[in-house]
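Trainee: No letters, just coordinates:
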C-alpha cells in the first residue's frame, strides 16, 4: 500500500464517498456508481477496496455493494436487511459484519460507530419477498484525528446534539438536496418538496454535530441546484449573525479533498 501524508476523500455524487487512509486503505461509503448518471467512476474501476459501509437499502445508497464485495472480496459493514440482501446475491455471511445503532465495530482495521438514523430501509429479495430493517448513520475513524460522519439519509432530530458531544465528528456529510436526475425512477403521486433534511435543517444539524467541515450533499449536479444555493445563503446569514457554522465544501462528482492529522483541510 502506498503511504500518503494526508487522509483523502473523494465525492461520487448523492451520498457516495471514497476515503483513502494515509496507509492506502480504501473505504467506500454508500457505493452508488454504475447507475449514477453523474458519476465519474464505476464499481470495477478501483485497484483495491478494503471496506464497504452501507447505511440502508435504498438503491442510491446500496448501489453496487454486492458486485464490489464479489469482485474485491472486501468485508461489508451494514444492517441486517442489507446482510440478507447480500447473502441472497451470493455474498458469504462471513464477509458481512451486520451491526446497528450503538454497536461499534472494527473491520479491516477501521473503526465504525453506527448511529441512529431517522429514515427507512426496505428492499425485495430475488424470490419477491419484502424485507426491511433499521437504517444507520455512522461515524468512520479512518486515521487518527479524522472523525467522519455519514448521515445515512437521516431527518433532523435533536439527539444529533448528543452525537456531537459523544463522538465529536470533525468532518461530515449532510443531505440537503434531491437528486432530480433520478427521482423519476420511483414514480409516485404529487411532488417531493424537500430531501430528508431541508437546507435550513441541514445547516442546523451540522451545527449541532459540531462539524468543522461539512459536505452538503445528496445531489448529482451541483451547478444550479436550488437547495445548495439556499444552504449557502443560510450559511452566510448565520455567519453574519455571529453563529459558529462548519466550513461548507461543495464538491462535484470526482472531486478530491484532503485532511491533515488534525482534521484540517489541506490544499
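Mentor: Everything's here; your move. The structure displayed is predicted, hence computed values, not measured ones.
Trainee: residues near residue 202, how many?
Mentor: Per other C-beta atoms under 10 Å, the neighbour tally for residue 202 reads 30. Glycine gets a C-beta too; all of them are placed from N, C-alpha and C.
Trainee: now it, what's its secondary structure?
Mentor: State at residue 202, reduced to three classes by DSSP: H, G, I helix; E, B strand; the rest coil: helix.
Trainee: Name the nearest residue to it, ignoring sequence neighbours.
Mentor: residue 176 (3.6 Å; C-beta to C-beta, 6 or more residues apart in numbering).
Trainee: Look up how far residue 265 lies from the one you found.
Mentor: Noted for residue 176: a distance of 20 Å to residue 265, by C-beta to C-beta, to the nearest Å.
Trainee: Residue 226 now?
Mentor: According to C-beta to C-beta, residue 226 and residue 265 sit 26 Å apart.
Trainee: What of residue 214?
Mentor: 11 Å.
Trainee: repeat for residue 58
Mentor: Per C-beta to C-beta, residue 58 is found 29 Å from residue 265.
Trainee: Looking at the two, which is more packed in?
Mentor: residue 58 (22 against 15).
Trainee: and the closest residue to residue 169 other than its chain neighbours, what are its bridge partners?
Mentor: With C-beta to C-beta, 6+ apart as the criterion, residue 169 has its nearest non-adjacent residue at 3.7 Å, and that residue is residue 149. Counting by DSSP bridges, residue 149 forms beta bridges with residue 139, residue 172.
Trainee: circling back: kindly point out which residues are neighbours of both of residue 214 and residue 265.
Mentor: Common neighbours of residue 214 and residue 265, counting by C-beta atoms under 8 Å, 6 or more residues apart in numbering, are 247, 249.
Trainee: Show residues contacting the top helix by length along the chain.
Mentor: Criterion DSSP state H: the longest helix present in the chain is helix 226-240. With contact meaning C-beta under 8 Å, 6+ apart, helix 226-240 is reached by 176-178, 194-195, 198-200, 202-203, 207, 216, 219, 222, 245, 248, 250.
Trainee: Just checking: what are the partner strands of the helix or strand that it is followed by?
Mentor: Later in the chain than helix 226-240, the nearest helix or strand by DSSP states H and E is strand 247-248. Strand pairing for strand 247-248, determined by DSSP bridges: strand 213-217 (parallel).
Trainee: Give me the contact list for the partner strand.
Mentor: 11, 14-15, 17, 170-177, 199, 202, 206, 228, 231, 246-251, 259, 263, 265.
Trainee: Buried ones from those, can you make that a PyMOL selection?
Mentor: Per 16 or more other C-beta atoms under 10 Å, the buried members of the contacts of strand 213-217 correspond to this PyMOL selection:
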select buried, resi 11+14+15+17+170+171+172+173+174+175+176+177+199+202+206+228+231+246+248+249+250+251+259+263
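Trainee: quick one, helices of the stretch 101-250 of the chain?
Mentor: 160-167, 199-209, 226-240 (DSSP state H, counting those that start in this stretch).
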